[in-house]
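Q: Take a look and give me a structure for this.
(one chain, ligands or ions: 1)
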Amino acid sequence: MKLMIEGVAFDNITLDEAVAAGAELVRSEGFHYVVTPNPEFVLRAKQDPDFRRVLNGADLTIPDGIGVIYAAKILGRPLKERVPGIDFASGVMAALNGSGGARVYLLGAKPGVAEQAMANLSARYPNLTFCGCHDGYFQEDAPVVEAVRAARPDLLLVCLGAPRQELWMAAHGPETSAHLAVGLGGALDVYAGVAERAPERWQKLGLEWLYRLKKEPWRLRRMAKLPLLLVSAAGSRLTGRRDG
Ligand code: UDP
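A: Next comes the predicted model:
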């Protein structure tokens, strides 16, 4: 079931349900894509109809950000739980690793990072075939689409930052021949060991964003806007807007 949070339709699912749905999409015919919106995405989608359309056209929209969970609560339509995109991707890869394997392509991050992520993930999921990777600082799409297509992935992780990764998946995903593409922001940096995730205690307290801010203080300007989502959700609740 989808729940509308300030114009973006989220799937109301747990991490386990999202992983099961994701693994099934990888095994399905045709192209599908998953988006992992946090509050920044939702605020941007309010101003950018193309981005909103792409988010709402996804096969699965998982709430990646404690701010989305709070906004849902304020709106009186609580979501089951926060589903971090990287946990979703790891869960899907673990499921595929345990059920016959799959071909995986990594797209994004600075040169060298995807290679390192590929080496680490190959060791973690020995039954998966990491069939190729490409950095995220390309100018022309066509050669990259061709490189992905030639590698014949089942699963494609697209880590170009938002909104580029979502627009890229919607525009080019079907040409890649992948069955499932997932937009994952900085996940390759984490898989490569270039960036560190918050310790579990911080994650459990819903403070992953604060840990990230501590490590990357330049994010403050971006994050400072996030309470606006809660203000906007409160406004929608008070005025009874249905699309809020
Ligand atoms: N990135 C990229 N191409 C670009 C811009 C960014 O591949 O043109 C990568 C960047 O190196 C990083 C990821 O996209 O690995 C975005 O990370 P960020 O943490 O900003 O994304 P978030 O998770 O906050 O959406």
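Q: three-state assignment of the residue nearest to Ile74 when sequence neighbours are not counted?
A: Leaving out its chain neighbours, the residue that sits closest to Ile74 by CB to CB, 6 or more residues apart in numbering is Ala233, at 4.3 Å. Where C-beta positions appear, they are placed from N, C-alpha and C, glycine not excepted. Put simply, Ala233 is helix when judged by DSSP: H, G, I helix; E, B strand; the rest coil.
Q: show me the contacts for Ala233.
A: 5-6, 70-72, 74-75, 244 (CB atoms under 8 Å, 6 or more residues apart in numbering).
Q: For those, name the two members farthest from one another.
A: Tyr70 and Gly244 (13.8 Å; CB to CB).
Q: tell me which element Leu188 falls in.
A: Assessed by DSSP states H and E, Leu188 sits inside helix 187-192.
Q: and that helix, what does it pack onto?
A: helix 85-97, strand 103-108, helix 113-124, strand 155-159 (3 or more CB pairs under 8 Å, 6 or more residues apart in numbering; DSSP states H and E).
Q: In terms of helices and strands, where is Ala9?
A: strand 8-11.
Q: and for the very next helix or strand once past that strand, what are the contacting residues?
A: Sequence order places helix 15-27 as the next helix or strand after strand 8-11, per DSSP H and E. Helix 15-27 is contacted by residues 11, 13, 32, 34, 59-60, 62, 81, 83-84, 87-88, 91-92, 94-96, 99, 102, 154-155, 179-180, 182 when judged by CB under 8 Å, 6+ apart.
Q: Show me which of these are buried.
A: Among those, those that count as buried by neighbour count (16 or more other CB atoms under 10 Å) are 11, 13, 32, 34, 59-60, 62, 83-84, 87-88, 91-92, 95-96, 102, 154-155, 179-180, 182.
Q: The host helix or strand of Arg221 and the ligand, are they touching?
A: Using DSSP H and E, Arg221 falls within helix 220-223. No. Judged by CB under 6 Å from any ligand atom, helix 220-223 and the ligand are separated, with a smallest distance of 8.0 Å.
Q: Now do the same for the nearest residue to Ala114 once chain neighbours are set aside: its pLDDT.
A: Of all residues not flanking Ala114 in the chain, Cys133 sits nearest, at 3.7 Å (CB to CB, 6+ apart). Note for Cys133: predicted pLDDT of 98.
Q: what kind of secondary structure is Cys133 in?
A: Quick answer, by three-state DSSP: Cys133 is strand.
Q: I figured it hits Val104, correct?
A: No. Between Cys133 and Val104 there is no contact under CB atoms under 8 Å: 9.4 Å.
Q: neighbour count winner among the two?
A: Val104 (29 against 24; other CB atoms under 10 Å).
Q: Could you check how far the more buried one is from Phe88?
A: 14 Å (CB to CB, to the nearest Å).
Q: can you check Gly173 too?
A: With CB to CB as the criterion, Gly173 and Phe88 are 17 Å apart.
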